[in-house]
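Trainee: Take this sequence and fold it.
(2 chains)
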Amino acid sequence: DGGITQSPKYLFRKEGQNVTLSCEQNLNHDAMYWYRQDPGQGLRLIYYSQIVNDFQKGDIAEGYSVSREKKESFPLTVTSAQKNPTAFYLCASSQQGFNQPQHFGDGTRLSIL
Amino acid sequence: AQSVTQLDSQVPVFEEAPVELRCNYSSSVSVYLFWYVQYPNQGLQLLLKYLSGSTLVESINGFEAEFNKSQTSFHLRKPSVHISDTAEYFCAVRDTSGTYKYIFGTGTRLKVLA
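Mentor: Numbers count the residues shown, from 1 in each chain, chains lettered A, B, ... in the order given. Next up is the predicted model:
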């Protein structure tokens, strides 16, 4: 079955440490997205990519970095500069076209040790 | 700028009762509208979408939503809810102005009571 795989499901970060969240899709979608979800705040866009080797900052990109070297993969690195990284992180993808819905992975929950 | 408002953060309702989850949006151009459902510790799943044509759209599990352009609303309804409908529901909008962003509401937590 086609879908989006996020790993790991749970992740713990020590102070001053960078961690990388994995997102892989086999839907052949061009566009991929990273969101952060906090209780009561909905989804906030961190980064998005419309095509390989290109990506744009979303609304809350500070303290995060991404790469898009392959169509299937869009990893997110939470750097030590992100002072409040505890959240649920969701990866999504979509086909090109304004009328296309997003497909989501099952998320990664990041906590601070 | 686009925005999506879900006024109700939580909606408790008894099993087999009807429910309406409200969604209002603001946009100066044509929009595409989506409702997603999220179960605990999972990602979002597409429930239904309005792209064009009939203003009433339905999902396979009994939910429906009506696009009202004059009121800029896309409320989600179900005539009779089940315990299994307990989840968080998100309304999202995407306009045709050129951005690739989807704008999400803050979500409504539906709790179905026995």
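Trainee: contacts and neighbour counts: CA atoms only from here.
Mentor: Will do.
Trainee: What ranges in the chain fall below the confidence cut-off?
Mentor: Assuming you mean chain A. Scanning chain A for pLDDT under 70 picks out A:1.
Trainee: meant chain B, my bad for not saying
Mentor: Using pLDDT under 70, chain B drops low at B:1, B:98-99.
Trainee: and it, which of its residues are near chain A?
Mentor: B:9, B:32, B:34, B:41-46, B:49, B:51, B:90, B:94-96, B:100, B:104-107 (CA under 8 Å from any CA of the partner chain).
Trainee: hmm, try it at 6 Å
Mentor: B:42-44, B:106-107 (CA under 6 Å from any CA of the partner chain).
Trainee: doesn't residue A:21 make contact with residue A:78?
Mentor: No: with contact defined as CA atoms under 6 Å, residue A:78 does not reach residue A:21; the gap is 7.9 Å.
Trainee: Can you give me the neighbour number for residue B:103?
Mentor: 20 (other CA atoms under 10 Å in any protein chain shown).
Trainee: Spatially nearest residue to the residue nearest the centre of chain A (excluding sequence neighbours)?
Mentor: By CA atoms, centre = their mean, the mean C-alpha position of chain A lies nearest to residue A:34, the distance being 2.9 Å. Leaving aside its chain neighbours, residue A:34 sits nearest to residue A:91 (4.6 Å; criterion: CA to CA, 6 or more residues apart in numbering or on different chains).
Trainee: go on, residue B:52?
Mentor: Nearest in space to residue B:52, with sequence neighbours left out and distances taken as CA to CA, 6+ apart, is residue B:32 at 7.9 Å.
Trainee: Remind me which helix or strand the one you found belongs to.
Mentor: Using DSSP states H and E, residue B:32 falls within strand B:31-38.
Trainee: Of all the residues in that strand, which ones are buried?
Mentor: B:31-38 (16 or more other CA atoms under 10 Å in any protein chain shown).
Trainee: So residue B:110 belongs to a helix, correct?
Mentor: No: counting by DSSP: H, G, I helix; E, B strand; the rest coil, residue B:110 is located in no helix; its state is strand.
Trainee: Is it bridged to anything, and to what?
Mentor: Following DSSP bridges, residue B:110 is listed with bridge partners residue B:11, residue B:87.
Trainee: which residues does it contact?
Mentor: B:10-12, B:86-88 (CA atoms under 6 Å, 6 or more residues apart in numbering or on different chains).
Trainee: same thing but 8 Å
Mentor: The neighbours of residue B:110, taking CA atoms under 8 Å, 6 or more residues apart in numbering or on different chains as the test, are B:10-13, B:85-89.
Trainee: likewise residue B:89?
Mentor: Counted by CA under 8 Å, 6+ apart, residue B:89 has contacts B:35-38, B:107-110.
Trainee: Could you let me know which of those ends up closest to residue A:30?
Mentor: residue B:36 (21.0 Å; CA to CA).
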